[in-house]
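Engineer: one predicted model, sequence on top.
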Amino acid sequence: MEPRQVRDQLGMPAIPACRQLAVAAVNHVQQARPVDQMVGTALALVAMSEACELNPHDVVAVARNAMADAESPFTHQLQALRDYAKAELRRA
């Protein structure tokens with residue numbers, strides 16, 4: 001996919017898929033030190049954004065804007081990620 005196509009689709013993420021991917025990413029890194037989890041995940045975001053000629057801050061802004069849709073009353077994934085961060089990352 002061309003970088004332009006990714007940029008054009010950035011405003012229309014598939015929220016259910018994004019929720020599942022967020023959980024999968026955290027599941028994959030949770031054995032690392034908390035700081036390494038955070039920075040490693042951020043490094044991936046920056047590298048992927050730059051490869052698609054996107055500003056990583058813009059990608060974060062899209063994710064923040066998508067939070068309301070991603071946290072519908074019938075989902076629990078994002079709250080589970082917050083609970084994990086509070087219990088595991090902040091404890092370290």
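Structural biologist: That came in fine, so what should we check first?
Engineer: which SSE is immediately downstream of the longest helix seen in the chain?
Structural biologist: Ranked by residue count under DSSP state H, the longest helix found in the chain is helix 34-51. Counting by DSSP states H and E, the element after helix 34-51 in chain order, helix or strand, is helix 56-70.
Engineer: against which helices or strands is whichever helix or strand comes after that next one packed?
Structural biologist: Note on helix 56-70: by DSSP H and E, the next helix or strand toward the C-terminus is helix 77-84. Contact here means 3 or more C-beta pairs under 8 Å, 6 or more residues apart in numbering; DSSP states H and E; on that basis helix 77-84 packs against helix 15-29, helix 56-70. In short, each C-beta sits where N, CA and C put it, glycine included.
Engineer: do you know which of the ones you listed lies nearest residue 77?
Structural biologist: Nearest of these to residue 77, taken as C-beta to C-beta: helix 15-29 at 4.6 Å.
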